[in-house]
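> Compute the structure for the input listed below.
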Amino acid sequence: MKHRLLALIGALFALSTAAASAAPAIESTPAPKPKKPDFSTMSFFVGTWTCTTTSANRPGPSTSSTTWTMDDTGYWMTGKGTAAAVKWFPYETKSDVRMTYDSDAKLWIFLDSDNLGGYGMYTTPGWNGGKAVWTARSFFPTKDMKAVSNYTMTKLSDSKYDGVYSFTNAKGTVVGGKDVCTKS
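The predicted structure follows:
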């Protein structure tokens with residue numbers, strides 16, 4: 001019995017020594033710093049934009065404005081927005097927006113959040129023939145809204161773009177909307 005116990009202890013010691021020698025070495029070289037995005041195709045956003053939004057299910061347009069800047073790191077464009085209160089939504093909305101490029105996914109990333117709990121994440125591979133198609137990555141169907149379309153942005157100039165979208169309400173009706181945005 002004593003010999004079996006010593007043999008077992010010896011085998012366990014040999015296994016633990018082999019496992020320790022097979023463990024990967026701790027890397028001592030610092031990880032490379034991520035490359036900064038090339039904002040050349042999106043830099044026209046820097047400045048103050050005013051958008052007029054019309055929606056088929058609303059009696060009139062609403063307006064909003066967003067001021068975009070480059071952040072100090074060079075990894076993000078950031079913006080502060082305000083949407084004015086309107087008769088059917090009598091609450092001013094303040095928003096924070098951010099945009100960057102994910103070089104691994106090869107997608108532009110747009111994040112937004114607002115003071116009323118709204119949020120969103122959208123991606124696009126970029127511009128193709130003057131259009132950028134943004135896909136919602138954070139949409140979850142609700143009792144009021146079954147689905148949303150992509151947001152198709154058409155760049156008309158460095159100081160004007162249009163955006164079109166639609167959503168499907170709880171009744172199954174598709175409701176279209178359009179943004180007309182100009183930079184001042």
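
> Show the end-to-end separation of stretch 48-62, please.
This stretch, stretch 48-62, spans 17 Å end to end (Cα to Cα, to the nearest Å).

> and that stretch, which residues are buried?
Going by neighbour count (16 or more other Cβ atoms under 10 Å), the buried part of stretch 48-62 is 49, 51, 53, 55, 62. Every C-beta, even on glycine, is put in place using the N, C-alpha and C of the backbone.

> likewise stretch 27-42?
Neighbour-count burial for stretch 27-42 flags 37, 39, 42 (criterion: 16+ other Cβ under 10 Å).

> Equivalent analysis for stretch 106-122, please.
By neighbour count with 16+ other Cβ under 10 Å, stretch 106-122 contains the buried residues 107-112, 114, 120, 122.

> and what of stretch 60-78?
Using 16+ other Cβ under 10 Å as the burial criterion, the residues of stretch 60-78 that qualify are 62, 64-66, 68, 76-78.

> Which of these fall in strands?
The strands, defined by DSSP state E, take in 62, 64-66, 68, 77-78 from these.

> Tell me which two of the buried residues of stretch 60-78 sit farthest apart.
Farthest pair in the buried residues of stretch 60-78 (Cβ to Cβ) is 62 and 76. Separation: 26.8 Å.

> Just name the closest of the buried residues of stretch 27-42 to residue 164, please.
Taking Cβ to Cβ as the measure, residue 164 lies nearest residue 42 of those, at 19.3 Å.

> circling back to that earlier point, could you tell me which of the buried residues of stretch 27-42 belong to helices?
Residues of the buried residues of stretch 27-42 located in helices (DSSP state H): none.

> Tell me where this structure has helices.
Using DSSP H, the helices of the chain run over residues 2-22.

> wait, which of the ones in strands among the buried residues of stretch 60-78 is closest to residue 91?
residue 62 (11.5 Å).

> Could you give the bridge partners of that closest one?
Beta-bridge pairing of residue 62 under DSSP bridges involves residue 53.
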